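*Asks:* following is a predicted model, sequence given first.
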Amino acid sequence: MATRGNAPEDRAATVAELRNAVETILSGVRESVLAMRERAADDRDHYDDMFSAVHRRFDRVDARLDEIDRRRPTIGFGGGPEAGQPT
């Protein structure tokens, strides 16, 4: 049991131990936050890549549909006499 003569020393040791414990905990929290931030950045890059790939695919489909639309014959697809409908 501590005597009255070394009570300030005991308090200083206890404060130092608490400070070390808090610094250890904060260090772990910092590392966790940095790891989560890095993983989020990696995920964001992954989803950006996926979005870009899908967007390029839709652009190709859209271009193909435009090409088909330009090449298809107008006979049978219009609403006028050229479609074979009576006037």
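*Replies:* Sure, I can see it.
*Asks:* when you work out contacts or count neighbours from here on, use the C-alpha atoms and nothing else.
*Replies:* Fine.
*Asks:* quick check: pLDDT value at the residue positioned nearest the centre of the chain.
*Replies:* The centroid of the chain falls nearest to residue 44 when counting by C-alpha atoms, centre = their mean (2.8 Å). Per-residue confidence (pLDDT) for residue 44: 81.
*Asks:* state the helix or strand in which it lies.
*Replies:* Take DSSP states H and E as the rule and residue 44 turns out to sit in helix 7-71.
*Asks:* low pLDDT regions in the chain?
*Replies:* For the chain, the stretches flagged by pLDDT under 70 are 1-5, 73-87.
*Asks:* ok, now with 80
*Replies:* Low-confidence segments of the chain, defined by pLDDT under 80: 1-6, 8, 46, 71-87.
*Asks:* what is the burial count for residue 10?
*Replies:* 14 (other C-alpha atoms under 10 Å).
*Asks:* what about the residue nearest to the centre of the chain, distance to residue 14?
*Replies:* Using C-alpha to C-alpha, to the nearest Å, residue 44 is found at 44 Å from residue 14.
*Asks:* ok, now residue 56?
*Replies:* On the measure of C-alpha to C-alpha, residue 56 and residue 14 end up 62 Å apart.
*Asks:* go on, residue 22?
*Replies:* From residue 22 to residue 14 the distance is 12 Å (C-alpha to C-alpha).
*Asks:* same question for residue 63.
*Replies:* 73 Å.
*Asks:* do the same with residue 53
*Replies:* In terms of C-alpha to C-alpha, residue 53 sits 58 Å off from residue 14.
*Asks:* likewise for residue 7?
*Replies:* 10 Å.
*Asks:* ditto for residue 31
*Replies:* Residue 31 sits 26 Å away from residue 14, taking C-alpha to C-alpha as the criterion.
*Asks:* for residue 44, what are its contacts?
*Replies:* If a contact means C-alpha atoms under 8 Å, 6 or more residues apart in numbering, then residue 44 has no contacts.
*Asks:* please repeat the previous calculation with a cut-off of 10 Å.
*Replies:* Residues near residue 44 by C-alpha atoms under 10 Å, 6 or more residues apart in numbering: 38, 50.
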